[in-house]
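Asker: Have a look; sequence and predicted model below, questions after that.
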Amino acid sequence: MNGILEGTTPSLRIRVPQQIPVTSLIGIELVLRHKGVKTKYGLADMTVDAENNMVAYPFTERQTLDMDPDEPLYWQIRFKTASGIVGTKTARIDVYELMSEEEMA
């Protein structure tokens, strides 16, 4: 048992830089790395919050249960607009922190 309860389905919420309105996004590439495994997700896997200029990746219950709380989760995202591509540096979040965070920025 990893210490994470069934039914836990957090979201990784990412504030998009103000100069990039989420309504102008034509693509997103989110890369997650946990326990040495990289997984890539696109715009179709994300939810978009235009009011707060944020995007979110909702984890499934299965993904959450597979997480090891003793291993950090690394993430990096790139936003594609008609003007070009803007990316972030790789960021790290502790799995337990992800479970309790209301918002990731």
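Answerer: Happy to help now that I have it.
Asker: tell me which strands and helices the worst-scoring helix or strand of the chain on mean pLDDT is in contact with?
Answerer: Lowest on mean pLDDT, DSSP states H and E among the helices and strands of the chain sits helix 95-100, with a mean of 74. Helices and strands touching helix 95-100, by 3 or more CB pairs under 8 Å, 6 or more residues apart in numbering; DSSP states H and E: there are none. Quick note: C-beta positions are derived from backbone N, CA and C, even for glycine.
Asker: Spatially central residue for the chain, please.
Answerer: Centroid-nearest residue in the chain, with CA atoms, centre = their mean: Leu12, separated by 3.8 Å.
Asker: Just say helix, strand or coil for that one.
Answerer: strand (DSSP: H, G, I helix; E, B strand; the rest coil).
Asker: any low-confidence regions in the protein?
Answerer: Across the chain, the ranges flagged by pLDDT under 70 are 1-8, 100-105.
Asker: quick one: the strands in it?
Answerer: In the chain, the segments counted as strands under DSSP state E are 11-15, 27-34, 37-42, 47-49, 54-58, 73-81, 84-87, 91-93.
Asker: In JSON lines: the ones you listed, plus distance to Asp66.
Answerer: JSON lines is the format used below for these (distance: least, CB to CB, whole Å):
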{"stretch": "strand 11-15", "distance to Asp66": "15"}
{"stretch": "strand 27-34", "distance to Asp66": "8"}
{"stretch": "strand 37-42", "distance to Asp66": "10"}
{"stretch": "strand 47-49", "distance to Asp66": "21"}
{"stretch": "strand 54-58", "distance to Asp66": "15"}
{"stretch": "strand 73-81", "distance to Asp66": "11"}
{"stretch": "strand 84-87", "distance to Asp66": "26"}
{"stretch": "strand 91-93", "distance to Asp66": "16"}
